[in-house]
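Chemist: For reference, the sequence and a predicted model appear below.
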Amino acid sequence: VTAPAAPLRLALDLGGTKTSAALVRGDRVLERRIAATPAQEGPEAVVEAAAGLLAPYLDRADAVCVAATGHVRGGTVSAVNRATMPGWDEFPLAAALAARCGRPVRLVNDAHAAAWGESRFGAGRGARDFVFVTVSTGVGAGIVAGGRLLLGARGLAGHLGFWRGAGGGPVAGDAAAAGDPVLEHVASGSAIARAGSAALGRPLTTREVFAAADAGDPAADAVVEAAVDRLAAALVDVRWLVDPARVAIGGSVGLAPGYLSRLREALASREPDGPLPVVAAELGGDAGLLGAADLLGDDGPRAVGPATHAYPDA
Ligand code: ADP
Ligand code: BMX
């Protein structure tokens, strides 16, 4: 018996560095277009770039399923880390994009979408309790508990990038305040580029910091190790709180060569009796697209967030 074909859906993944638009069917991305997110130019420029990516696909779908970085509430998005997405303060992304595209727009947080995608189709399959972490422009996460995506009372569940550890510390984006910085300010792609550039005395991308570390530069290696170790410390606490069967690591930094083996070593040194199983996200950069399309499809909620109280079941 052949299962009926999954419906064709149009998805958008709006991250701090790149935006992807794709035609999706079930667990497969059929076509995709990717461009840089003009984040520093503000939300209107980001919407314009996203609408341009979506344009060639619009006649093939009735709605757009959007995974966006930031705090998603109803149809709006606010940056938690305002340095990554300046100007995003309850920005009405759904309405702005719908006006540009002539299609209804549905919204979910990008890490929530990717966690759901991995849970349904990737590294989280078969695990009722599962955590996905993206190490990308920022550090985000999504928690699937008892087979349900955990959104949180305010829609902020899984915002692991703002974990402070034991040290207290400044709020996100407030780098001048005293105390330990939040995880995202040490472990994210942006943080690695910033710290690596300072340590080596020249402007470097995240990828170049990794390359210097791999080539044996001790200062670059220390930056990458500090980033990985801070995430390992957070994941030990995540394990005590959620006790997931496994954790999948995604995002372009998390999936960079050598990252996962470093993370496993850092976890083993913290949990010698049996470290938390961490695996690579199986859907790679498509997790958010596939998760958003599945979560926000035709019969799904208009927006996944606290306002709808729509908690999708596996
Ligand atoms: P987004 O945050 O937009 O979802 P990504 O998952 O691609 O996008 O993460 C972007 C971050 O990953 C940036 O900091 C970028 O410099 C970094 N990055 C991209 N490719 C690599 C790589 N091969 N190695 C290390 N870092 C990378
Ligand atoms: C940040 C936060 C999260 C997001 C995560 C990963 C902002 C703008 N975003 O912690 O909402 O899920 O980054 O996002 O405050 P990405 O841009 O790294 O993909």
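Modeler: Now that the structure is in, tell me what you want to look at. Ligands and ions are numbered 1, 2, ... in the order given.

Chemist: From here on, just use CA atoms for contacts and neighbour counts.
Modeler: Noted.

Chemist: anything in the host helix or strand of residue 144 sitting right up against ligand 1?
Modeler: Per DSSP states H and E: residue 144 is located in strand 139-145. No - using CA under 6 Å from any ligand atom, strand 139-145 stays clear of ligand 1, with a minimum separation of 8.4 Å.

Chemist: can you tell me the average pLDDT over the next helix or strand after that strand?
Modeler: For strand 139-145, the following helix or strand on the C-terminal side (DSSP H and E) is strand 148-149. The pLDDT scores in strand 148-149 average 94.

Chemist: swap in stretch 165-178?
Modeler: Mean predicted confidence for stretch 165-178 is 50.

Chemist: residue ranges with poor pLDDT in the stretch 51-200 of the chain?
Modeler: 166-179 (pLDDT under 70).

Chemist: That one: strands as residue ranges?
Modeler: Ranges of strands within the stretch 51-200 of the chain are 64-68, 71-73, 76-78, 105-109, 130-135, 139-145, 148-149, based on DSSP state E, counting those that start in this stretch.

Chemist: residues contacting residue 220?
Modeler: 196, 199, 200, 209, 210, 212, 213 (CA atoms under 8 Å, 6 or more residues apart in numbering).

Chemist: So which bits of the helix or strand the fifth one falls within are buried?
Modeler: Looking back up the chat, that one is residue 210. Element membership for residue 210, per DSSP H and E: helix 206-214. By neighbour count on 16 or more other CA atoms under 10 Å, the buried set for helix 206-214 is 206, 208, 209, 210, 212, 213.

Chemist: Would you mind measuring from the fifth one to ligand 1?
Modeler: Pointing back at residue 212 there. From residue 212 across to ligand 1, the span is 11 Å (CA to the nearest ligand atom, to the nearest Å).

Chemist: Correct me if wrong: that residue contacts residue 223.
Modeler: No - using CA atoms under 8 Å, residue 212 makes no contact with residue 223, being 10.5 Å away.

Chemist: As CSV, the strands of the stretch 51-200 of the chain with mean neighbour count and distance to residue 96 would be great.
Modeler: Putting these into CSV (neighbours: other CA atoms under 10 Å; distance: least, CA to CA, whole Å) gives the following:
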stretch, mean neighbour count, distance to residue 96
strand 64-68, 30, 12
strand 71-73, 25, 14
strand 76-78, 21, 10
strand 105-109, 29, 9
strand 130-135, 29, 26
strand 139-145, 26, 24
strand 148-149, 22, 27
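
Chemist: for the ones you listed, which one sits closest to ligand 2?
Modeler: strand 139-145 (3.8 Å; CA to the nearest ligand atom).

Chemist: Summarise which helices and strands the closest one is packed against.
Modeler: When contacts are defined as 3 or more CA pairs under 8 Å, 6 or more residues apart in numbering; DSSP states H and E, strand 139-145 packs onto helix 110-121, strand 130-135.
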